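Novice: fold the following.
(one chain, ligands or ions: 2)
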Amino acid sequence: MKKVLHFINGTYTASLNEDEIANINPSSGDVYAHITRGNAKDVDLAFTAAKEAFPKWSNTPVQERSRILNRLADLIEANLEDLAKAEAIDNGKPLSLASQVDIPRAAANFRFFAQAITQFSTEAHESQGLHTVNFTLRQPHGVVGCISPWNLPLYLFTWKIAPALAAGNTVLAKPSEVTPMTAYLLGELCNQAGLPKGVLNILQGYGHEVGQAIIAHPLIKAISFTGGTTTGQHIAKTAAPLFKKLSLELGGKNPNLIFADCDYEQMLKTTVRSSFANQGQICLCGSRILVEASIYKKFKQDFIKQTKALKIGHPLDKHTQVGALVSKQHLEKIEAYVNIAKAEGGTILCGGKRHQNPDYPKGFYFEPTIIEVQSNQCRINQEEIFGPIVSLMPFKDEAEALALANDSKYGLSASVWTSNLDRSMRLSQQLQTGIVWVNTWLNRDLRTPFGGTKQSGLGREGGLEALRFFTEPKNVCITYKP
Ligand SMILES: NC(=O)c1ccc[n+]([C@@H]2O[C@H](COP(=O)([O-])OP(=O)(O)OC[C@H]3O[C@@H](n4cnc5c(N)ncnc54)[C@H](O)[C@@H]3O)[C@@H](O)[C@H]2O)c1
Ligand SMILES: O=C/C=C/C=C(\O)C(=O)O
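Specialist: Ligands and ions are numbered 1, 2, ... in the order given. Prediction:
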């Protein structure tokens, strides 16, 4: 059976303690690989490799770093089919999604930052009349840590690694132990691309073991993390006394605000996607659907009809629109939320139960679920579920829609559906989220700041924000004799 190993100093290696974690295929429920179970000693080895690689990598001309990252993007594209299949099997997502979104985006992440670093510049401040000029150096930190979740495995893993490397850092990166496969495969491509040994080290294993050793390492200067809010709080507590720089992309409970004056067909189609794409396991999915009262009844009927028509199936079946949930534990969590909703008086409008796939009876399939709720205070509207469950409730006017949308401890994204420009501007100003989409969803330009407010995170990724995060500004002040 396949072994998923660390990639340290350019070489695949097993953990020093030889322990393993079972890697389960969510579409069949079977163990299909074994993951090496990393620990603090492996992190030390990787750190040493990264530290040794840093002086040369940080002094490699930007154009050369850029060329290597572009080669890595080319190699991801050349291996798209294999990587997409590996992602679909490891995660349970439809192969079509992995081929059209996840893997192309992983290549785009490297390509984008390969280009961005060649355009990166710093500020200068001339103190006129004082014979003084200040300019800013932006220097890489040294060794940094990148930790990513299971929902968009290679997509989010590379979204962190690419800017870290482009800026001249060396990296210890950890994918989720639930979906380690494509990160494992990336190691080989790094060697083929000519990335020097030790520049990127990929560590496998549990968060509380290998992840913990990365965040607690006193000499790792910055941590970029995407994952759950509770884990983010733990990382913040651990890293704060060590004065590490932190970027935290955490959970969401994102509202869709649907007004009667929107382009109805476009809204309906996109709302089905923003609810159930990737089985609802995207931090940006719109999980609280708020609809203006005058179109509530019609929307409810049409939305149920389109949701029921979604084809649930094996990830590798080309007709599949909804694949398997990522794990048994996650399936049980999703099921528990349906029971919580029922106990709180919610009405299950469709779905609400496991989907039995006769060919794969042990697979983790769940029906896309719509629940009508009476109050935004119910648990399914306040807690992140991160699966194929959305809630539905009406609002009477813009003020109520805004109040409901902002009534959340999370603040990642919101989607507003309206043809009224004034309203879209008013709401964009007042929604307490890091991202507002108007008449669209998950429409990404990699130059834009990406991240959340409140308990959805700290800091921003993307474009210059990411390059600033992965560099330390140093002001140089020079005076001269006139
Ligand atoms: N805001 C975003 O951009 C974004 C994107 C994707 C997912 N998410 C969030 O991620 C969550 C789902 O992912 P998950 O279940 O993999 O999250 P998680 O927090 O359990 O795990 C994320 C990563 O952190 C590691 N980890 C766990 N404990 C750790 C520790 N003590 N020290 C260091 N690393 C540790 C895990 O091994 C994994 O690699 C959801 O809450 C979702 O909203 C957020
Ligand atoms: O599940 C979370 C999705 C995160 C998406 C991004 O970080 C992105 O599109 O850059």
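Novice: all helices of the stretch 1-150 of the chain, in order?
Specialist: Listed from the start of the chain, the stretch 1-150 of the chain has helices (DSSP state H, counting those that start in this stretch) covering 40-58, 62-78, 80-91, 95-97, 103-119.
Novice: now those in a markdown table, with distance to Lys297, mean neighbour count and mean pLDDT?
Specialist: Heads up, the C-betas are built off the backbone N, CA and C, glycines and all. As requested, the helices of the stretch 1-150 of the chain are exported to a markdown table (distance: least, CB to CB, whole Å; neighbours: other CB atoms under 10 Å; pLDDT from 0 to 100):
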| stretch | distance to Lys297 | mean neighbour count | mean pLDDT |
| --- | --- | --- | --- |
| helix 40-58 | 56 | 19 | 98 |
| helix 62-78 | 47 | 19 | 98 |
| helix 80-91 | 37 | 23 | 98 |
| helix 95-97 | 32 | 20 | 98 |
| helix 103-119 | 38 | 21 | 98 |
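Novice: mind putting those into CSV with distance to Lys342?
Specialist: Formatted as CSV, the entries for the helices of the stretch 1-150 of the chain read as follows, by distance: least, CB to CB, whole Å:
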stretch, distance to Lys342
helix 40-58, 44
helix 62-78, 44
helix 80-91, 29
helix 95-97, 30
helix 103-119, 37
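Novice: ok, the closest residue to ligand 1 within the stretch 1-150 of the chain to His125 distance?
Specialist: Closest residue of the stretch 1-150 of the chain to ligand 1, CB to the nearest ligand atom: Pro149 (3.2 Å). Pro149 is 40 Å from His125, where distance means CB to CB, to the nearest Å.
Novice: tell me the confidence at the one residue sitting closest to the centre of the chain?
Specialist: Closest to where the C-alpha atoms of the chain average out (CA atoms, centre = their mean) is Leu156, at 4.7 Å. If you check Leu156, the pLDDT there is 98.
Novice: kindly report the same for the one 4 residues further on.
Specialist: pLDDT, the model's per-residue confidence, is 98 for Lys160.
Novice: which strand or helix spans it?
Specialist: helix 153-166 (DSSP states H and E).
Novice: how far away from the center of its chain is that helix?
Specialist: 10 Å (CA atoms, centre = their mean, to the nearest Å).
Novice: do the same with stretch 3-16
Specialist: 24 Å.
Novice: what's the neighbour count on the nearest residue to Pro449 once chain neighbours are set aside?
Specialist: Spatial nearest neighbour of Pro449, chain neighbours left out: Arg460 (4.0 Å); criterion: CB to CB, 6 or more residues apart in numbering. Other residues within reach of Arg460 by the criterion other CB atoms under 10 Å amount to 20.
Novice: roughly how far does Arg460 sit from Glu383?
Specialist: In this view, Arg460 and Glu383 are 25 Å apart by CB to CB.
Novice: and the protein, what are its domains?
Specialist: By the record's domain assignment, the chain is partitioned as 2-250+456-477, 255-445 (automatic domain parsing).
Novice: can you give me the end-to-end span of stretch 48-68?
Specialist: Length of stretch 48-68, first residue to last, CA to CA, to the nearest Å: 22 Å.
Novice: which single residue of the chain ends up nearest ligand 2?
Specialist: Relative to ligand 2, the nearest point of the chain is Cys283 (3.4 Å; CB to the nearest ligand atom).
Novice: helix or strand: which one has that residue?
Specialist: Secondary-structure assignment from DSSP H and E places Cys283 in no helical or strand segment.
Novice: disregarding flanking residues, what is the spatial nearest neighbour of it?
Specialist: Ranked by CB to CB, 6+ apart and with sequence neighbours excluded, the top spatial neighbour of Cys283 is Gly252, at 4.8 Å.
Novice: so which bits of the protein are right by ligand 2?
Specialist: Within the chain, the positions adjacent to ligand 2 are 151-152, 156, 159, 282-284, 444, 450 by CB under 6 Å from any ligand atom.
Novice: and for Leu165, the neighbour number?
Specialist: The local packing of Leu165 (other CB under 10 Å) involves 30 other residues.
Novice: what does the pLDDT read for it?
Specialist: Note on Leu165: pLDDT of 99.
Novice: what sits against it?
Specialist: Counting by CB atoms under 8 Å, 6 or more residues apart in numbering, Leu165 makes contact with 57, 65, 69, 113, 171, 195, 199-200.
Novice: what is the burial count for Leu442?
Specialist: One way to gauge burial is a neighbour count; for Leu442, by other CB under 10 Å, it gives 17.
Novice: hmm, Gly38 and Cys15 touching each other?
Specialist: You called it Cys, but residue 15 is Ser. Yes - with contact defined as CB atoms under 8 Å, Ser15 counts as touching Gly38 (5.0 Å).
Novice: overlap in contacts, the two.
Specialist: Overlap between the contact sets of Ser15 and Gly38, as judged by CB under 8 Å, 6+ apart, is given by 6, 204-205.
Novice: got the contact list for stretch 23-30?
Specialist: Outside stretch 23-30, the residues within contact range by CB under 8 Å, 6+ apart are 4, 31-35, 89-92, 180-181, 314-316, 323-328, 360, 362-364.
Novice: that stretch: which residues count as buried?
Specialist: Residues 23-29 are the ones in stretch 23-30 that count as buried (16 or more other CB atoms under 10 Å).
Novice: take those residues and keep only those in strands.
Specialist: Among these, the residues falling in strands (DSSP state E) are 23-25.
Novice: redo the residues you listed as a markdown table? Include distance to Lys221 and pLDDT.
Specialist: As requested, these are arranged in a markdown table below (distance: CB to CB, whole Å; pLDDT from 0 to 100):
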| residue | distance to Lys221 | pLDDT |
| --- | --- | --- |
| Asn23 | 31 | 98 |
| Ile24 | 35 | 98 |
| Asn25 | 37 | 98 |
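Novice: I'm done for today, thanks for sticking with me.
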